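**Q** give me the fold of what follows.
(chains A and B)
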Amino acid sequence: MTWIIQAVLSFIIACSFAIMFNAPRKQLVSCGLVGMSGWLIFSIYALVSGDSVQASFAGAFVVALAAHILSKRLRMPMIIFSVPGIILLVPGGLAYNAMRHIVENDYLTAISYAAKAFMTSGAIAMGLVFAEVLMQLILRYIRKRKTISQIS
Amino acid sequence: MLNEKNDLAIDCCLLAGRLMIESGAETYRVEDTMTRMAISQGLIGAQSYITPTGIIFSLGKDGSTRIMTISLRVTDLERIALINQISRKLTSLEMTIEEAYEELHRIASANLMFPMLWQIIAASIASGCFLILFEGTWWDVPAAIVAGGIGFIVVTLIHALTLVKFFAEFLAASFVGFIAFLAVLFNVGEDLNTIIISGVMPLVPGLLITNAVRDLMAGHFVSGVSKGAEALLTAFAIGAGVALVLSF
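**A** Residues are numbered from 1 along each chain as shown, chains lettered A, B, ... in the order given. As a prediction, this is how the structure comes out:
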């Protein structure tokens, strides 16, 4: 039950962000689906491994991969699909906790929260990078196969 | 005659580049689009240097060089998609340069954004949903919806008034914090922290984060670093706004 609620809510969030960023109206549903898949992977991974940094990497990787596939299929720029999806993974809670502890003059706790937030953002960035590299390798392979089959 | 045609092609490329950067496209995509459009018009040696604040576009050895400054940046994904389509049509020769120029002008003057009310509603709903995803209680949802909506209204209004983005975000974040504080004070909300976190989520610079990473990867360090700096400053403005409320 909680998974269904989480899926529906993350879908709605990604759609709302797509509206705020003015994504093309026909692609709102696909934006929502990208965001939903990213969030579900993130929460399942976080539940299994207990590490939110690795989970963020997995979530961002899935978001970027899904966005790439959609952009190739629909012939549209990739950021239309990836931007609303990435928002869901942003470590807002960690950044907030870091800020709160700074205000309370508890710098030691603040630093540990800030470091975790920084690591999570780095993991999101790496997820994006890995998906991009993987996609380019696959595309190059497909193109090679095509030219080979054309020659022979 | 040849010069006139070249001038039109250059205008077309620059306009497309300007619109794309203004809507928040990645730098390498802008460069790619401009070069492709130029090549499709027979301008083989065309080169462009693109930063988030300006474009330098040159035809090479025996052509002119033009500069275009960019002062306004919003997030408008639909515009990016439309210009992408135009450049595709232009390069596959489905469209002449005159038609493309007209179409670009139409896009430049048209307002493609969703109505403001829709955006505010979307921001509120997103905040409400975030609250549940962040393990808040259903009891807090109305407070988060109000906080998110008002935060989004404040950031849009103040940005339109003062044109200083960071100040608008700072003020919006402190409004969100204030509303969450009021909600807890009047017993409409339970957990101050989750309400604030979900309320500030609509202000998060998602496009900048994604673009900064992709630009850095593509080797556009100037754009990547400056977009990263913008995202970092935005995050800092939001944090400072929240901190202002928390410190009372």
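
**Q** where's the spatially closest residue to A:Phe57 that is not a sequence neighbour, which helix or strand?
**A** In space, and not counting its chain neighbours, A:Phe57 is closest to A:Ala123: 4.0 Å by Cβ to Cβ, 6 or more residues apart in numbering or on different chains. Placement of C-beta: from N, CA and C, glycine included. Taking DSSP states H and E as the definition, A:Ala123 sits inside helix A:107-151.

**Q** report the central residue of the chain.
**A** In the absence of a named chain, this looks at chain A. Nearest residue to the geometric centre of chain A (Cα atoms, centre = their mean): A:Ala60, 3.0 Å.

**Q** please go with chain B instead
**A** By Cα atoms, centre = their mean, the most central residue of chain B is B:Thr75, 2.6 Å off.

**Q** so what's that residue up against?
**A** Listed by Cβ atoms under 8 Å, 6 or more residues apart in numbering or on different chains, the contact set of B:Thr75 reads A:20-22, A:83, B:23-24, B:207.

**Q** next: A:Met20.
**A** Taking Cβ under 8 Å, 6+ apart, we find A:Met20 in contact with B:75, B:114, B:119, B:122-123, B:126, B:152, B:202.

**Q** B:Leu192: which of those is nearest?
**A** Distance to B:Leu192, by Cβ to Cβ, is smallest for B:Pro202 among the contacts of A:Met20, at 18.2 Å.

**Q** okay, that closest one and A:Gly59: tell me how far apart.
**A** B:Pro202 is 20 Å from A:Gly59, where distance means Cβ to Cβ, to the nearest Å.

**Q** rewinding a little: can you tell me the closest non-neighbouring residue to the residue nearest to the centre of chain A?
**A** A:Gly127 (2.8 Å).

**Q** neighbours around the one you found, how many?
**A** 26 (other Cβ atoms under 10 Å in any protein chain shown).

**Q** so what's it up against?
**A** Counted by Cβ under 8 Å, 6+ apart, A:Gly127 has contacts A:56-64.

**Q** report pLDDT for the residue nearest to A:Phe57.
**A** Here, the pLDDT recorded for A:Ala123 equals 91.

**Q** that one contacts A:Phe61, doesn't it?
**A** No - using Cβ atoms under 8 Å, A:Ala123 makes no contact with A:Phe61, being 9.4 Å away.

**Q** list the strands paired with the helix or strand containing B:Arg66, with their directions.
**A** Using DSSP H and E, B:Arg66 sits in strand B:65-69. Strand pairing for strand B:65-69, using DSSP bridges, gives strand B:54-58 (antiparallel).

**Q** surely B:Cys12 touches B:Glu102?
**A** No - at 9.8 Å, B:Cys12 and B:Glu102 do not qualify as touching, with contact defined as Cβ under 8 Å.

**Q** walk me through the domains of chain B.
**A** B:2-109, B:116-246 (automatic domain parsing).

**Q** of the ones you listed, which is nearest A:Leu9?
**A** Of the domains of chain B, nearest to A:Leu9 by Cβ to Cβ is domain B:116-246, at 4.2 Å.

**Q** that closest one near chain A anywhere?
**A** Yes - Domain B:116-246 is in contact with chain A by Cβ under 8 Å from any Cβ of the partner chain, via B:118-119, B:122-123, B:125-126, B:129-130, B:132-134, B:152, B:193, B:196-198, B:200-202, B:204, B:206-207, B:209-211, B:213-214, B:217, B:235, B:239, B:242-243, B:246.

**Q** residues in contact with the helix or strand where B:Ile150 lies: which ones?
**A** Using DSSP H and E, B:Ile150 falls within helix B:141-162. Residues outside helix B:141-162 that contact it (Cβ under 8 Å, 6+ apart): A:20, B:116, B:119-121, B:123-128, B:130-132, B:136, B:165, B:167-169, B:171-173, B:175-176, B:179-180, B:183, B:188-189, B:194-196, B:198-203.

**Q** what's the average pLDDT for the helix or strand hosting A:Ser37?
**A** In this structure, A:Ser37 sits in helix A:28-49 according to DSSP H and E. The pLDDT scores in helix A:28-49 average 92.

**Q** hmm, back to that, mind giving me the packing neighbours of the helix or strand hosting the residue nearest to the centre of chain A?
**A** Using DSSP H and E, A:Ala60 falls within helix A:52-74. Counting contacts by 3 or more Cβ pairs under 8 Å, 6 or more residues apart in numbering or on different chains; DSSP states H and E, helix A:52-74 packs against helix A:28-49, helix A:79-87, helix A:107-151.

**Q** contacts for the shortest one, please.
**A** Residues lying outside helix A:79-87 but in contact with it, judged by Cβ under 8 Å, 6+ apart, are A:13-15, A:17-18, A:21, A:23-24, A:27, A:30-32, A:34-35, A:37-38, A:60, A:63-64, A:66-67, A:70-71, A:124, A:128, B:24-26, B:75, B:77, B:80-81, B:201, B:204, B:206-207, B:209-211, B:214.

**Q** so the next helix or strand after it versus helix A:107-151, what angle?
**A** Tracing the chain past helix A:79-87, the next element assigned as helix or strand by DSSP H and E is helix A:92-103. Using axes from the mean of the first three to the mean of the last three Cα atoms, to 10 degrees, the direction of helix A:92-103 lies 150 degrees away from that of helix A:107-151.

**Q** is helix A:92-103 up against chain B anywhere?
**A** Yes - using Cβ under 8 Å from any Cβ, we find that helix A:92-103 touches chain B at A:92-93, A:95-100, A:102-103.

**Q** what's that helix in contact with?
**A** A:107, A:109-111, A:113-114, A:116-117, A:120, B:130, B:134, B:193, B:196-198, B:200-201, B:204, B:235, B:239, B:242-243, B:246-247.

**Q** pull out the buried members of those.
**A** A:110, A:113-114, A:116-117, A:120, B:130, B:134, B:193, B:196-198, B:200-201, B:204, B:235, B:239, B:242-243, B:246 (16 or more other Cβ atoms under 10 Å in any protein chain shown).
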